Every structure is written in structure tokens, then in C-alpha cells.
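Asker: Sequence and computational prediction follow.
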Amino acid sequence: MSSSLKPLRFFQGIFNVQLVSTVGFYLIVTYSALCSIFTKSFAQLNLRPSFLNFPMFIGEILLMVCFLLLALKWRLEKKSLTWAHAGILIYFLWILWKALKGYHDYQNNPLAFRNAALFYYALFALIGYEFWDRKLFGRLVVVWLLAALLIIKFFISINNYFVFPYLILGLILVRRPKNEWLKLVLLALLLYTPAFYFEPKNFLTIDFFFAGGRARVWGHIFAFAVLFFVFLFRFIPWPRLGKIIFFLGFLGLLGAGLARYSDKNALESMLKFRNVIGEFRKYNTVVLSKENGDKPVELTARLYSKEDQGFADNTFLFLKNFNLSHRSRVVERMGDLQNFAIVVEKAKTESMADVIKIIDEQREYLRDELRQHMKVEWEGVNKKIEEEFQELKKMIDQKIKDNDTRTLLLKEVDDRVGGVVKSLENKQQESSGRGMGLMEKRYDNIKEKAADMIRQRKVRQIKGGISNSGLKDEITLNAALGLAEDRDEGGYRTLEAAYNSMLFRLFIWRDMADDLLRTDFPWSMLGGVSFGYPQRSKSLEIIGWARREWSRDGWIAPHNSFLHMIYRGGIVGLICVLGITAGIIFLLKEFIRLKSLTGILLVTTFIYWVTIANFLVFLEVPYNAIPFWALLGMTFAYYKSIYEKSPQSEVL
């Protein structure tokens, strides 16, 4: 026997297919659960091999471990390779080629591998598909999973963007116990909304699903609407007209929830889309007036921005918050800090308004001075033209005496007059334009420096507020800075900030389209922009939005995962987007046909995720992407299992 096969024979003696699938499945479940609690700080755990100039994050380590387990599983099953496996291999090689080329083309910048993650995280769909097994969900296991879910939900707290998936998974699991009273108790617990940052106001309230970020709110609404529609029309034996009326009533309730609980300014900004277009045109005029004169700032593209609080810090923080008295003190102090932040933000806004007023008044005064200067220059131009005409008059008299033809005479006159006027006008415009441009640039620089000084003062004040309130270990500086940023007196985002948040995305997406059309990016429309290229938005940099992010990282995130796929992958990215869409539609159609309530509930999770992925950084980051892709693969495996067992109806 070959010595190289001995280790494999050894593992084959220990492992079986069921055990390998179980280990792989629970590795993914554990990773996803920790991501729902700690998000970035957990996802940023990494190893730094000496032979690499970039870290290996825990998500990538999980991917490699899962592929080793998958290879072992296939070996144990003696599975033969198919054309589907060949397609997956080609896809992986394409990612590897794009990543290595981007890494090489941009001075060994590991940012190429971060952008490659947008595509290689999709391999977790294959892993989830292979590791899912109905036998994993015995009744005892379901009880343990429900207990873990509820403990995480109520005693540890989860990220807001995981609340809906937790609710759906809980509803699926709660159907398994046979005892009806136990089901009711568990259902009541599941319908409670988890706390986030230990705010008691989030408990027992329905407003959670209508408040907060617009992407999350619309994700909730679309998912609930689809779930209610399918349940009503597929499972309730009512007349069609009654169903339609009832569904319209449900939509009315969702609308009432929006009107009652949502961020009013955010809602207004979405409903008044004409105002968005008007604001876009206004800011775009500024961009167009400055894009040729402004050179991009030289920035170093970083792989990621490290969190202020690491995984160990966050773990210690969560453990401390099991103490209810400590938790209540933290909530009270957080309220005081937020009130202080509101005062600081108001002072910052007033200071900035005063500075802008002074600068703009001085700018307008100098504009008038320049216009006067231009008027004097134009008087000189007119004098020059008059002198030239006098010379022309003499020339014409001489030409007439010499009997030159009228046509030749007029041509010579036109050429000479045109040349003189054009030359003088060009010189005047160049001079006045240069003067006006220098003035505008200087005042923009002054305004920018003043804004930086005011922002730094705010940072110092907030740091002092954190220290004085005793919350140094409880909240990061960035989180504290955002407590009152762009908020009105009611705590809502200001209407201007709500509009700017939408314009922020529109400008990024417009600049992405410009990148795809650039002549120095050959074949980008087909193959996508290089993975190594640090995406920048010239529009945002000219306007000055999101300066903290792009100046820190050297690039800006697109806030639309599907556009980002097309931007980086070209045709392959478009196929990925269409594949996700077609896959979700297929699953929904089939689960409706099979009357699989479990399957329908799972699909609503993807409707929620796909909605928010259109407006957020979602599939680019492992703490969202890995749960998304792994659950998608498991959902396909679940569909296959119920279809093969009973093509007409659900078994589970």
C-alpha cells in the first residue's frame, strides 16, 4: 500500500459520512451564531503567516477546513466527479486568476483577495448543500437548538440585521415539538424582539420591524408581505375575493406600521423621489464644475479597518452585561451620553454654519472683484478690436485700389478679424477662469480645514463625555460619535441626511458605471474591473461625503452587493446575480407547489437578505455572506430531500 494513502485510510477508519457532515454543519452553525453576536470583531479574528503580507481571517480558515471535510466526505462516499463539479472548479480557477492578477497588478496589494471574497464565499453554498442532512434534526437536537437560539436572543443580544432570520429559524424549529402547550410557550418567546445594546425599549414591541435603517425596514416589509400572501393564497381555503380583500388589509396594516413607527424623514425621502432627483442634479453640478480641476488625493488602500473593540473586548463586555444591575447602569449612562452628544452635535452644526456663512460672504465679495477685473479686461479687448478694425479699414482701401476681387477680400478680412477676436477672447477667458478657479479652490480648502477643526473639537468633547460617564469599556469612539450625528430633536435622521444617504449611493453607482466605461480598463464590461483596483468615488470626494471612510481605507464600498458583483465580475458577476434571483424564485415556486411551510419560511429569509443586499455592504463581508450562502445551499438540499421523499407534499 502506498504510504501517501495511509493517513487517508486512518481517517476513513475514524470518520464516517454522517460524522463528517455533522462536524461541518455545526462548524458553520457555530460560526454564524458568533457572527450574529459579534459581527465584525469576530470576523476579524485572523492568523498572520510569515510568508504572507496579509492575514488569514477565520472565515477563510473555515472555508479551507470545510473543503477538507468535503473532500473526505466525497472520498468516503466514493463519489464520482460530474460536469457540475467541473463547472465549480472552473469558477474557482477564475476567482484565483482574477485575485492573483489583481494582487500582482496593484503592487501586491491584498485588497485583491478581499474583493475576490465576494465570489469565493459563494462556495459555502456547495458546502451547505453537502453537509445538510435531515438526520441532524432529531427532536432532542431541535430542543437544544431552540434553547441556544433563545439564550442568544435574550441574554447575549444579537445584531439587528439577524433578528428576522432568527425569528424565521425559530418558527421553523418550534413546529417540531409534539406538545402543543410547549409550542405556544416557545412561540410567545420567539415573537419577542431581542434587545440590541441592551436597550429595554426593544423588548415586546412591534416597532422594531418598522424602525431603523431603510434597507432593513423594506426587507422586513417585503418578506412579511410575501409570507402572508403565500400563506393566505396557498393554505387558507377562502374565496379568492375574500383573500384579496384580506391581503389588501394586511398591506394597509404594514403601511400603518410605517406611518406610525418609521423614521419620518427617511420615509419622506423615499416617497418624494422627485426631490431626490433635484438634489442629485444640484450636487452633480458641483461635481461637474470641479471634476477636471480636482486631482484625487493620494491614499494607501488598506485591507480593512480594525475595530476599536476586538473580539476579546466584546466577549468581556457581553459577560459583564449578564449582571442586570450593571446593565441598567449602562443603559442610564448611555442615555446621558446620548444627550451630551446631541448638545455637542448641535454646537458643531451651529459652528459650521457660522464658518460657512463667513467664508461664502468673503467668497462672494471676491467674485464681484473678479467680475470688475474681467470688465476692465473686456474694455481692453474691445479697444484692441477697434484698433484692428482701423488697420483693416486702411487695408481694405488699399485692396480696392489694387482691384482685388471681393470674395478674396472678404475671406481675408474674416480670417484676420476672427483670429484677433478669438486670440484675445481666449487669453481673457483663460486669465479670468484661472483667477476664479484659484479663488474657489482656496476657499474650498479653507472651508475643509475649518470643518476638520470643528470635527476634531467634537471628537475631543465626545472622548471626554465617554470618560466622564464611565463608559470607556462599553462603547467605542465611532459608536459614540454616531449617537447624535445628523439627527433631529426627535432622534430621527435629519431630512437632509436622509436625502444625502440616498444620493451617496447614487453617486457611487454612477461612478462605478463610469469605471466600467474607462478606456484604461480594457474589457471591464466583459471581465469586470480588476480585483486589485481600490474603488474610489470622485463624486463623493469632490462633495466631501464619507470622508472618514474613504480617507481611512483608501477605497469606498458600493453599498449594493449585486452591482458590485457585476462591477468586479463582468459577465460572470451578472450570471451570479441572475443565478441568485432564479434560484430563490425556483425555490419559492417549488415550496408553494409542495405546500412546504418550512421551505416558504426559509425563502422569506432570502427575500429579506436580498432586499438589504441592494443597499448595504452585505455579500462582501463574511459575517453576512457565509450565513447567506451556507443557508442557501442547505435550503436547496432540504428541497431535494422532500422532493425525493414525496414530490407532491412536504414530509417535515
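Answerer: Sure, I can see it. Numbers count the residues shown, from 1 in each chain.

Asker: what's the strand or helix carrying residue 281 in contact with?
Answerer: In the assignment (DSSP states H and E), residue 281 maps to helix 273-290. Identification of contacts with helix 273-290 by CB atoms under 8 Å, 6 or more residues apart in numbering yields 269, 499, 500, 502, 503, 506, 507, 538, 539, 542, 543. For the C-beta atoms, the positions are set from N, CA and C on the backbone; glycine is no exception.

Asker: burial measure for the last one, as a count.
Answerer: Spelled out, that is residue 543. 19 (other CB atoms under 10 Å).

Asker: Counting by contacts, list what whichever helix or strand comes after the helix holding residue 281 packs against.
Answerer: The helix or strand immediately downstream of helix 273-290 is helix 311-320, counting by DSSP H and E. The contact analysis (3 or more CB pairs under 8 Å, 6 or more residues apart in numbering; DSSP states H and E) places helix 311-320 against helix 17-38, helix 40-43.

Asker: can you do 6 Å?
Answerer: helix 40-43 (3 or more CB pairs under 6 Å, 6 or more residues apart in numbering; DSSP states H and E).

Asker: Secondary structure of residue 53: a helix, I assume?
Answerer: No - under DSSP: H, G, I helix; E, B strand; the rest coil, residue 53 sits outside any helix and is assigned coil.

Asker: What score does it have for pLDDT?
Answerer: pLDDT, residue 53: 87.

Asker: That one: neighbouring residues, count only.
Answerer: By other CB under 10 Å, neighbour count at residue 53 equals 12.

Asker: Kindly report the same for the one 4 residues further on.
Answerer: Residue neighbour count, defined by other CB under 10 Å, stands at 21 for residue 57.

Asker: cool, and residue 39?
Answerer: Residue 39: 20 neighbours (other CB under 10 Å).

Asker: can you pull the buried residues of the helix holding residue 281?
Answerer: 276, 279, 280, 283, 284, 287, 290 (16 or more other CB atoms under 10 Å).

Asker: just for the stretch 451-600 of the chain, where's the confidence low?
Answerer: The model of the stretch 451-600 of the chain has pLDDT under 70 over residues 484-492, 519.

Asker: what ranges of the chain fall below the confidence cut-off?
Answerer: Those would be 1-15, 193-205, 293-294, 307-309, 321-324, 359, 361-447, 484-492, 519, 646-652, if you go by pLDDT under 70 across the chain.

Asker: would you list every one of the helices in the stretch 551-652 of the chain?
Answerer: 561-569, 571-593, 597-613, 622-645 (DSSP state H, counting those that start in this stretch).

Asker: Make JSON lines from the ones you listed and add mean neighbour count and distance to residue 297 to it.
Answerer: JSON lines is the format used below for the helices of the stretch 551-652 of the chain (neighbours: other CB atoms under 10 Å; distance: least, CB to CB, whole Å):
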{"stretch": "helix 561-569", "mean neighbour count": "24", "distance to residue 297": "22"}
{"stretch": "helix 571-593", "mean neighbour count": "16", "distance to residue 297": "29"}
{"stretch": "helix 597-613", "mean neighbour count": "23", "distance to residue 297": "30"}
{"stretch": "helix 622-645", "mean neighbour count": "21", "distance to residue 297": "29"}
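
Asker: closest one to residue 325 among those helices?
Answerer: With CB to CB, the closest approach to residue 325 among these belongs to helix 622-645: 31.0 Å.

Asker: Which elements pack onto that closest one?
Answerer: Helix 622-645 packs on helix 17-38, helix 123-131, going by 3+ CB pairs under 6 Å, 6+ apart.

Asker: and for that helix, what are the contacting residues?
Answerer: 28, 32, 35, 39, 43, 59, 121-122, 124-125, 128-129, 132, 134, 590, 596, 602, 609, 618-619, 650-651 (CB atoms under 6 Å, 6 or more residues apart in numbering).

Asker: List buried residues within the residues you listed.
Answerer: 28, 32, 35, 39, 43, 59, 121-122, 124-125, 128-129, 132, 590, 596, 602, 609, 618-619, 650.

Asker: Buried residues, stretch 95-105. List them.
Answerer: Within stretch 95-105, judged by 16+ other CB under 10 Å, the buried ones are 95, 98, 99, 102, 103.

Asker: What is the nearest of those residues to residue 575?
Answerer: Using CB to CB, these come closest to residue 575 at residue 95, 13.2 Å.

Asker: for the host helix or strand of the closest one, the distance to its chain's centre please.
Answerer: For residue 95, the element it lies in under DSSP H and E is helix 83-105. With CA atoms, centre = their mean, to the nearest Å as the basis, helix 83-105 stands 24 Å off its chain's centre.

Asker: circling back to that earlier point, put the alpha carbons of the helix holding residue 281 into PDB.
Answerer: Extracted C-alpha coordinates of helix 273-290, given in PDB (Å, rounded to 0.1, in the frame of the first residue of the first chain):
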ATOM      1  CA  PHE A 273     -38.300  60.800  -5.300                       C
ATOM      2  CA  ARG A 274     -38.500  64.000  -7.400                       C
ATOM      3  CA  ASN A 275     -36.800  65.800  -4.600                       C
ATOM      4  CA  VAL A 276     -34.000  63.200  -4.700                       C
ATOM      5  CA  ILE A 277     -33.600  63.800  -8.500                       C
ATOM      6  CA  GLY A 278     -33.500  67.500  -7.900                       C
ATOM      7  CA  GLU A 279     -30.900  67.200  -5.100                       C
ATOM      8  CA  PHE A 280     -28.800  64.800  -7.300                       C
ATOM      9  CA  ARG A 281     -28.800  67.400 -10.100                       C
ATOM     10  CA  LYS A 282     -27.800  70.200  -7.700                       C
ATOM     11  CA  TYR A 283     -24.800  68.200  -6.300                       C
ATOM     12  CA  ASN A 284     -23.900  66.900  -9.700                       C
ATOM     13  CA  THR A 285     -23.500  70.500 -10.900                       C
ATOM     14  CA  VAL A 286     -20.800  70.900  -8.200                       C
ATOM     15  CA  VAL A 287     -19.100  67.700  -9.300                       C
ATOM     16  CA  LEU A 288     -19.100  68.600 -13.000                       C
ATOM     17  CA  SER A 289     -17.700  72.100 -12.200                       C
ATOM     18  CA  LYS A 290     -14.800  70.700 -10.200                       C
END
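
Asker: picking up where we left off before, dump the buried residues of helix 273-290 into a markdown table; add distance to residue 450 as well.
Answerer: Shown next, in a markdown table, are these (distance: CB to CB, whole Å):
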| residue | distance to residue 450 |
| --- | --- |
| 276 | 29 |
| 279 | 24 |
| 280 | 26 |
| 283 | 20 |
| 284 | 25 |
| 287 | 22 |
| 290 | 18 |
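
Asker: How much space separates residue 40 from residue 455?
Answerer: Residue 40 sits at a distance of 23 Å from residue 455 (criterion: CB to CB, to the nearest Å).

Asker: Neighbour count for those two, which is higher?
Answerer: Shown here are residue 40 and residue 455; by other CB under 10 Å, residue 40 has more neighbours (19 against 15).

Asker: any idea how far the more buried one is from residue 479?
Answerer: 12 Å.

Asker: same thing with residue 458?
Answerer: 14 Å.

Asker: Who has more neighbours out of those two?
Answerer: For the pair residue 458 and residue 479, the greater number of neighbours falls to residue 458 (21 against 14), based on other CB under 10 Å.

Asker: State the helix or strand in which the more buried one lies.
Answerer: Assigned by DSSP H and E, residue 458 falls in helix 406-468.

Asker: From the contact counts, what lies against the helix or strand following that helix?
Answerer: Downstream of helix 406-468, the next assigned helix or strand under DSSP H and E is helix 477-481. Applying 3+ CB pairs under 6 Å, 6+ apart, one finds that helix 477-481 contacts helix 406-468.
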